[in-house]
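Asks: Predicted structure and sequence below. I'll ask about it afterward.
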Amino acid sequence: MVPADGIAAAVPRLSGRPRLTGEDTVRYTAVALFAAFLYLFVLYPLAQVMWRSLLANDGRFVGLANYQRYFGTPAIAASITNSLFVSLLSRAITITLAFLYAYAVTRTTMPCRGLFRVVAMLPLFAPSLVQALSFIYVFGNNGIVTRTTGVNVGIYGPKGIVMAEVFSCFPHALLILVAALSATDARLYDAARALGASPLKTFVTVTLPGVKYGLVSAGFVVFTLVVTDFGAPKAIGGKFSVMATEIYNQVSGQQNFTMGATVSVVLLVPALVAFVVDRRIQRRQYALVTSAVRPFIPRRRPLVDAAMLAYCALVALAISAMCLAVLVYSLVVRWPYNFTPTLRHYTFDTVGGYTPLLNSVGVAAVTALLGTVLSFAGGYLVEKCRTVASGPLYLLAMLPVSIPGMVLGLAYIFAFNAPGSVLNRLYGTLAILVISNVVHYFTVGFLTATAALKQMDREFEDVSASLRVPFYRTFWRVTVPIALPSIVSISMYFFLNAMVTLSAVIFLVAPGTELAAVAVLLMDDAGDSAQAAAMSVLIVGIGLAVRFAYWLVMRDVIARTQAWRSGSSAFSV
């Protein structure tokens, strides 16, 4: 017989806290670093704006007095109703135009559908400020149409803001609606025809219900873009004040940072409400594409095809004309009086030469690299490395999409320009511009990464764990190669948006760190509209060149890393 205490000593202890392994240490350290990033550059600056709105200019706590003053001053409070008015009107017009265009390129057999898609994307490659300037060049007091016809349409004010915003937001809505209209099942339309439904009834009972969530998403995206935009209202709004320009006027014009913080908090409300409502509606979306789906192939309908071709040609012509106006403006001596060709406007003597453009390219490149690493690694930590912090980290990662760029820039002033702050040395450098861009566009990259990671079976991590392969090695050797197309797409998204952003960096640029989009604003304010147009042309040109380069890279990446998706791979039988 073995004594009981001897048996107890021989059997290993099964209870108690498990010992922390080296792999666990790496995992928890990575999660802690990701949490620190979100706290330091998202939550903490936002809290500073909210706190500053409760203080007087001398630092005294005044509670809601600033809000009472804001809503009690008619000239300032009018910016709320003005913002809502132009946002709702722009949303209605944009969604209508984009839906017809998306329907034409996905549901008809009209020719040149690929070309129409490319032309519709051109506004993506320029700041919203440039869209407004193009309308001024064409319909302004000295615009080409005004000078040649003698008809002044009164472009300055809400009319001009709505036109510029529709032009700027059109491709954003189009991308969402094209995706929604492409995800359909031909069997629904076959059933409708078998039941004798007319084309109009089929459209109302099949097409519209199938894309209702896409319409809702596109509507909220357009509303958020317009209500938070600064460039277009600043250039073409005149005396028509919106919340974004009111923040700029309070901070830059009057140095009233407390009122700027107050307006910023008010501006957060519609953006946050739009995001929350959109997310709740998206949760109710059901799957339209199943394993038994049959692709929808448009049938030839001569009258509908001809009508849609005429409509798309008209829209594409308008987009091309606005882009061409900016190009011609930059290449002639004096628009619209002297059309002698010249390149003198490309000297940029107002803003110190090409430094802002080079700064933008450098900042965009670093933003693409850092943003891609942080968003994809963060998505992996939340989606694959399940910890108690996954839920809160996911919510924090969603927060930046609802923070307007102007609010984020002002928040960084309060957080990083404070005396004695450890991070004060970041202020006034290109580094703070990179960080603001990464945070401003972080949510879209994060959601793209998590969507790609959700498509990968958990079995990869389970098999690696059973073979005692560390998770970070599986991440580098398995996860990254499979998700490489999504990673390339994320980096392109960060680069292109960093090239055209204005609102997120307008408060953070310092002498020597000006960016191209800010330079366009400064040159236009100084009366050098031709140089502003020239800088805009270069921004668009770089964006198009980088987009083409990304397309080449993506084609090579898919060929090298996604062969397993095709039936012609080496493993096919």
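Replies: All right, it came through fine.
Asks: Now residue 475: closest residue in space, sequence neighbours ignored.
Replies: Nearest residue to residue 475 in three dimensions, chain neighbours excluded: residue 380, at 6.1 Å (Cβ to Cβ, 6 or more residues apart in numbering). From N, CA and C alone the C-beta is placed, and that goes for glycine too.
Asks: I'd like to know which elements the strand or helix carrying that neighbour is packed against.
Replies: Assigned by DSSP states H and E, residue 380 belongs to helix 355-383. For helix 355-383, the elements it packs on are helix 22-38, helix 390-398, helix 430-440, helix 442-454, helix 484-500, helix 516-525, helix 529-561, judged by 3 or more Cβ pairs under 8 Å, 6 or more residues apart in numbering; DSSP states H and E.
Asks: What are the boundaries of the strands in the chain?
Replies: 332-334, 338-341 (DSSP state E).
Asks: Which elements pack onto the longest one?
Replies: What it means is strand 338-341. strand 332-334.
Asks: Wait, residue 256 touches residue 57, no?
Replies: Yes: the criterion here is Cβ atoms under 8 Å, and residue 256 meets it with residue 57 at 6.9 Å.
Asks: Neighbour count: the two, which is higher?
Replies: A side-by-side neighbour count of residue 256 and residue 57, using other Cβ atoms under 10 Å, places residue 256 first with 16 against 13.
Asks: and the nearest residue to that one once chain neighbours are set aside, what pLDDT?
Replies: Closest residue in space to residue 256, ignoring its immediate chain neighbours: residue 250 at 4.7 Å, by Cβ to Cβ, 6+ apart. Per-residue pLDDT puts residue 250 at 88.
Asks: Can you report how many residues lie near residue 250?
Replies: Number of residues near residue 250 (other Cβ under 10 Å) recorded here: 22.
Asks: OK, contacts around it?
Replies: Neighbouring residues of residue 250 by Cβ atoms under 8 Å, 6 or more residues apart in numbering: 256-257, 259-260, 263.
Asks: For the residues you listed, pick the one with the most neighbours.
Replies: Most neighbours among the contacts of residue 250, by other Cβ under 10 Å: residue 263, with 31 neighbours.
Asks: so who does that one touch?
Replies: 70, 76, 79, 243, 246-247, 250.
Asks: got those residues as TSV, with distance to residue 209 columns?
Replies: Listed next are the contacts of residue 263 as TSV, based on distance: Cβ to Cβ, whole Å:
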residue	distance to residue 209
70	42
76	43
79	38
243	35
246	40
247	40
250	45
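Asks: Now residue 275. Nearest residue, chain neighbours left out?
Replies: residue 402 (4.2 Å).
Asks: tally of neighbours for that neighbour?
Replies: 21.
Asks: Hmm, residue 269 and it touching each other?
Replies: No: applying Cβ under 8 Å as the test, residue 402 and residue 269 come out as separate, 9.8 Å apart.
Asks: Pick the most deeply packed of the strands of the chain.
Replies: Highest mean neighbour count of these: strand 332-334, a mean of 14 (counted as mean count of other Cβ atoms under 10 Å).
Asks: now it: mean pLDDT?
Replies: Average pLDDT, strand 332-334: 91.
Asks: looking just at contacts, which helices and strands does it meet?
Replies: Packing partners of strand 332-334 (3+ Cβ pairs under 8 Å, 6+ apart): strand 338-341.
Asks: Give me the contact list for the strand it packs on.
Replies: Residues outside strand 338-341 that contact it (Cβ under 8 Å, 6+ apart): 328, 331-333.
Asks: what's residue 77 in contact with, if anything?
Replies: 70-71.
Asks: how does it look with 10 Å?
Replies: Residues counted as contacts of residue 77 (Cβ atoms under 10 Å, 6 or more residues apart in numbering) are 69-71, 246, 263, 266.
Asks: How much space separates it from residue 221?
Replies: 27 Å (Cβ to Cβ, to the nearest Å).
Asks: quick one: low-confidence parts of the stretch 101-250 of the chain?
Replies: Applying pLDDT under 70 to the stretch 101-250 of the chain flags the ranges 183-193, 195-196, 198-199, 204, 206.
Asks: And the helices in it?
Replies: All helices of the stretch 101-250 of the chain, identified by DSSP state H, counting those that start in this stretch, fall at 113-120, 128-139, 144-149, 158-182, 186-194, 199-202, 208-210, 212-227, 231-236, 243-248.
Asks: Check the gap between the residue lying closest to residue 516 once chain neighbours are set aside and residue 509 for me.
Replies: What sits nearest to residue 516 in space, not counting adjacent residues and going by Cβ to Cβ, 6+ apart, is residue 360, at 4.0 Å. For residue 360, the distance to residue 509 (Cβ to Cβ) stands at 11 Å.
Asks: Spit out the residues that contact those two alike.
Replies: 433, 515, 517-519.
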